[in-house]
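**Student:** give the three-dimensional model of this entry:
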Amino acid sequence: MLPSVHASSLAARLRATVKRWLDPLRNRLMLLFGILVLPPTLVSMAASFDAHSEMVARVRENAEHFALLASTYERTLVDQSQNLLDNVAADPAVRAFDPAHKQACDKLLRTAIEPNPTYASLMLFAIDGSVRCSSDPAFAGTNVADRDWFAEIVRTKTTFLSGFVVARGPEVPAIVLGRPIPSPDVEVDAVLALSINLAKLQPFERFQGLPKGGVIYLLDRRGAVLTGLEHPMDINERGMPSRAIAELVDAQRLTITDTKGRDGMRRFYAVTPMRAGALFILVGLPTSELNGWLRQDLPIQLIGILAMWAAGVLAAWLGTRIIVTRWTRQLTETAREIGRGDLSVRADLAGAPVEIRRVGDTLGEMAARLEAQRRDLQAAIDEKDTLLREIHHRVKNNLQTVISLLNLQTKGIRLESARLALQQLKMRIQALGLVHRHLYESDNLKTVDLRTFLGELCRLLQDGSGAPYWRVRVDLNIAPVSLQIERAIPLALLVTELVTNSFKHAFPNGRVGTIGVLLTVEGDSIRLAVADDGIGTPAADGDTAGEEQSGLGFVLTQALAKQLGGTLATSGPPGTATVLSFPLVPSSHEALVGLDGNGAEGQDDGTTDEPVSAGGVSPAA
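**Tutor:** As a prediction, this is how the structure comes out:
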């Protein structure tokens, strides 16, 4: 399962890479040119490799030719030696050897090999390996009974050609051609052996056309070099193949192989058997001609092909640059400027192909239509902003009217608790009016700058509390945060309740103190802290405790905290500290809380995004 997933992922990445590379028009034209040039390129490469194959065949044929030519001379020498042995063996002095006529036998053998200096000796051996007569007295007393070639002739009763031997008596490197001499009584009565002197055997001198690095060797069946010719001569036997001869030779036919020599040069080696596998002609011709093709001809052809490809790529690049891409670049820049908002820009396409000019004209018409639509939209937006500012202004004025009515109503009320309740209600309404004033006076009709707004709100609350600035000081530390109106209103009401409560309860009997309002951004949350260093929350006893826990202020702060989607925590004494934490970005299901006529919390039924009130006071304007 995993390999198939990996393969599919790799294929998808490959397709994406190819698609990305083919995106530019220049690359597509280059690919098209490459496809057009591919057939002649392949034909040229095929012709080159055909020429290489012909060169390989020619070198093989040359190796065969040299091997067959060299073996012709060797076969002639062996045939001459065989005829000499047959003629000598037919003489009565040899066939019916008489020790009394040994000198006549010696003379006969000596006379037989004198015309050819290649022959080292001619000897007649008895069946026990002792010398009966010899062409050279120096070999008298020699016994060859332990020699392999002698034992092979006696065993097989046939003519046998030995490998490399060193003649006893005078040490002469040689090969021996021997044949059995039968008698009327026994199948093998004696052995006539002809020794061919390898030091005087130069069978390859005629091969003057041997290429540099070429070698010709005469080998015995064990792979020993009997004689040879190398060019240059200092190659010596290092021109032999590095593989064992037994792996290369075939006693029945010519064998050709491609392998390295002991000198590290690679050659075609042709091995031709002679005399039923007793001797072999080995010819080695270097493959330097082939390497020369690889070093010279093939690079030249590859350079030619690459030059042709480079010329095509350059032509594709220049062609697309002159004919297409310089115009498409202007179109791209024009479209980019239009995308940035400059709808007056136009591409200069004078001299461009008609198709590209048509695209430019279409782009200009589209920009003109967009400009017209933008003007219409801007007019609609300006009209909407004007209406919104007017609405906020009217709301603020209406709230101011309500405050004025409350002021008139307050003057006619003598009950202190009622006067205080109306005063608190007036402060809440003033907070709402302040929010609307900030909206219609600012450039942004959707959000409120909390630093400016809360500073002005706290000054308004202090003025309304009657506490002088020298006795109760409000210490503000507000982070630069903006909130939408839907969230700024509940926050303003919450700050109003908390600060008003501190002014009301924390500093009785002329007590001096400070009210701190701290608003910070911590990650994705906003943290509001309102704390005072006053006497703390009043003792929870009797009616006072019940009023603090179930009154309008307590219910309102809890509802406002839920409406902001946050949590509210209060601590003290000493002093009173209230901390509100709510998310910087509202959730889609943030609770909107109002107050019903009995002071209980009411939840949104999901049918509207605005705060809902069952009656009484709503925290939203």
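
**Student:** any idea how this protein splits into domains?
**Tutor:** Here the domain parsing of the chain from automatic domain parsing is 12-83+220-327, 90-200, 343-445, 446-621.

**Student:** now stretch 87-105 - C-alpha only, PDB.
**Tutor:** Extracted C-alpha coordinates of stretch 87-105, given in PDB (Å, rounded to 0.1, in the frame of the first residue of the first chain):
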ATOM      1  CA  ASN A  87      61.100 -39.100 -45.800                       C
ATOM      2  CA  VAL A  88      63.800 -39.900 -43.100                       C
ATOM      3  CA  ALA A  89      61.700 -42.600 -41.500                       C
ATOM      4  CA  ALA A  90      61.400 -44.300 -44.900                       C
ATOM      5  CA  ASP A  91      65.200 -44.700 -45.200                       C
ATOM      6  CA  PRO A  92      66.400 -48.300 -44.400                       C
ATOM      7  CA  ALA A  93      69.200 -46.800 -42.200                       C
ATOM      8  CA  VAL A  94      66.500 -45.500 -39.900                       C
ATOM      9  CA  ARG A  95      63.700 -48.100 -40.300                       C
ATOM     10  CA  ALA A  96      66.100 -51.100 -39.900                       C
ATOM     11  CA  PHE A  97      68.600 -49.500 -37.600                       C
ATOM     12  CA  ASP A  98      71.900 -51.400 -37.100                       C
ATOM     13  CA  PRO A  99      74.200 -50.200 -34.400                       C
ATOM     14  CA  ALA A 100      77.100 -51.100 -36.700                       C
ATOM     15  CA  HIS A 101      75.900 -48.500 -39.200                       C
ATOM     16  CA  LYS A 102      75.300 -45.700 -36.600                       C
ATOM     17  CA  GLN A 103      77.600 -43.300 -38.300                       C
ATOM     18  CA  ALA A 104      75.700 -43.600 -41.600                       C
ATOM     19  CA  CYS A 105      72.500 -42.900 -39.600                       C
END
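
**Student:** model confidence over that stretch, on average?
**Tutor:** Mean per-residue pLDDT for stretch 87-105: 87.

**Student:** likewise for stretch 265-279?
**Tutor:** pLDDT averaged over stretch 265-279 gives 78.

**Student:** still on that earlier bit, which one of the domains of the chain lies nearest to residue 214?
**Tutor:** Among the domains of the chain, domain 12-83+220-327 comes nearest to residue 214, with 5.1 Å by C-beta to C-beta. From N, CA and C alone the C-beta is placed, and that goes for glycine too.

**Student:** start and end of the closest one, how far apart?
**Tutor:** End-to-end span of domain 12-83+220-327 (C-alpha to C-alpha, to the nearest Å): 33 Å.

**Student:** and for stretch 259-274?
**Tutor:** End residues of stretch 259-274 are separated by 22 Å (C-alpha to C-alpha).

**Student:** list the buried residues of that stretch.
**Tutor:** Under the neighbour-count criterion of 16 or more other C-beta atoms under 10 Å, stretch 259-274 has 261, 263, 265, 266, 267, 268, 269, 270, 271, 272, 273, 274 buried.

**Student:** any chance of the domains of the chain in CSV, with distance to residue 6 too?
**Tutor:** Shown next, in CSV, are the domains of the chain (distance: least, C-beta to C-beta, whole Å):
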stretch, distance to residue 6
domain 12-83+220-327, 11
domain 90-200, 63
domain 343-445, 43
domain 446-621, 38
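
**Student:** hang on, the earlier thing: residue 404: which of the buried residues of stretch 259-274 is nearest?
**Tutor:** The closest of the buried residues of stretch 259-274, once distances to residue 404 are taken by C-beta to C-beta, is residue 266, at 113.4 Å.

**Student:** next, the contact list for the closest one, please.
**Tutor:** Contacts for residue 266 (C-beta atoms under 8 Å, 6 or more residues apart in numbering) come out as 258, 259, 260, 286, 287, 291.

**Student:** just the strands in the stretch 401-550 of the chain please.
**Tutor:** Here the stretch 401-550 of the chain has its strands, by DSSP state E, counting those that start in this stretch, at 447-449, 472-478, 482-484, 513-522, 525-532.
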